[in-house]
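A.B. asks: Show me the folded form of this:
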Amino acid sequence: MPKITKNMQESLQDAHKFRLWKNNLIENGLDIHGIEEIYTRHRYNGEVLFSLVMLDATTPEGKKIPPICFLKGTVISILICLIDKETKEKYALLVKQRRICNGAMVYETVAGMVDKDDDPFDVAVKETEEETGLKIDPATVHRLGDEPLYVSTGTSDEAMYFYYAELELSHEEIMSYHNVEQGIISEHEHIFTHVCPLADARKLITNTNGLLNVHMYEDILRERG
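C.D. replies: Next up is the predicted model:
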């Protein structure tokens, strides 16, 4: 893989996530006076991964808006439910890895960032294979909700699409996905899979996105009766 030099890196102003965020601000009536780039992290291919910026802008009401924003763009979360062919018991296929929020091992649903013009649906399918080793039929993937939900409206532009997928497997096949090492080393991913009864997923997951994904899926189950 050729080394990406600094002058080959994508500028923040040219990044899709930056332009989308800025356009949304303008469409919602903000008068932008200036944007200061504090720090930007790039992917191995030179594309902008995320950025920390300071915004100087006035709202339509004539007020200053809180200035700091962590630009991450659109992301996806997908709950994988593995169903025992014989007993019909439902299992959640989670991932666990150490996270910078507290350094602990964190249990999560599969998640990933949507780059440029990628379809969030396609990213959900791709991330599932990358993080769990499970190749899923796109026909088994369903969206939860019509619009993405903002993760932290006061500090970030991050907007998440939620999905779920159901697969019927033998109990042996289900457990073959437990505690398997996955992830992309170049992106500093050191992931292990974790299979547990669906009801236990809520006890293990400690991030709000994963919990919301589980609850939204459970709403679907209740609607089915």
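A.B. asks: where in this structure is pLDDT low?
C.D. replies: Residue ranges of the chain with pLDDT under 70: 1-7, 183-189.
A.B. asks: what about the strands in it?
C.D. replies: Secondary structure of the chain by DSSP state E: the strands cover 31-42, 48-58, 68-71, 74-84, 90-98, 105-108, 110-113, 141-150, 159-169, 181-182, 191-197.
A.B. asks: Nearest to Lys17 among the ones you listed would be which one?
C.D. replies: The closest of these to Lys17 is strand 68-71. By C-beta to C-beta, the value is 5.7 Å. Yep, even glycine has a C-beta here, placed from its N, CA and C like the rest.
A.B. asks: biggest helix in the protein by residues?
C.D. replies: The longest helix of the chain (DSSP state H) is helix 208-224.
A.B. asks: residues of it that come out buried?
C.D. replies: Residues 209-210, 212-214, 216-218 are the ones in helix 208-224 that count as buried (16 or more other C-beta atoms under 10 Å).
A.B. asks: and the residue in the chain sticking out farthest from the centre, backbone torsions?
C.D. replies: Distance from the C-alpha centroid of the chain, by C-alpha atoms, centre = their mean, peaks at Gly62 (34.0 Å). Main-chain dihedrals, Gly62, degrees, to the nearest 10: phi 80, psi 20.
A.B. asks: which residues touch it?
C.D. replies: By C-beta atoms under 8 Å, 6 or more residues apart in numbering, no residues touch Gly62.
A.B. asks: and what of the one 3 residues further on?
C.D. replies: Ile65 is in contact with 30, 55, 57-59, counting by C-beta under 8 Å, 6+ apart.
A.B. asks: go again using 7 Å as the cut-off
C.D. replies: By C-beta atoms under 7 Å, 6 or more residues apart in numbering, the contact set of Ile65 is 30, 55, 57, 59.
A.B. asks: Would you mind measuring from it to Val180?
C.D. replies: Distance, Ile65 to Val180, by C-beta to C-beta, to the nearest Å: 45 Å.
A.B. asks: Also Glu218?
C.D. replies: Distance, Glu218 to Val180, using C-beta to C-beta: 26 Å.
A.B. asks: do Phe50 as well
C.D. replies: As for Phe50, its distance to Val180 is 28 Å (criterion: C-beta to C-beta).
A.B. asks: what about these two, which has more around it?
C.D. replies: Taking other C-beta atoms under 10 Å, Phe50 and Val180 do not tie; Phe50 has more neighbours (19 against 15).
A.B. asks: who's the residue lying closest to Thr155 once chain neighbours are set aside bridged to?
C.D. replies: Leaving out its chain neighbours, the residue that sits closest to Thr155 by C-beta to C-beta, 6 or more residues apart in numbering is Phe70, at 5.9 Å. Assessed by DSSP bridges, Phe70 has beta-bridge partners Leu52, Ser156.
A.B. asks: circling back to that earlier point, adding distance to Ser11, write the strands of the chain out as TSV.
C.D. replies: Below are those laid out as TSV (distance: least, C-beta to C-beta, whole Å):
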stretch	distance to Ser11
strand 31-42	9
strand 48-58	8
strand 68-71	13
strand 74-84	20
strand 90-98	30
strand 105-108	31
strand 110-113	19
strand 141-150	25
strand 159-169	22
strand 181-182	32
strand 191-197	31
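A.B. asks: Point out the one among the ones you listed that comes closest to Val125.
C.D. replies: strand 141-150 (6.1 Å).
A.B. asks: List the buried residues in the closest one.
C.D. replies: Quick answer for strand 141-150 (16+ other C-beta under 10 Å): 141, 143-144, 148-149.
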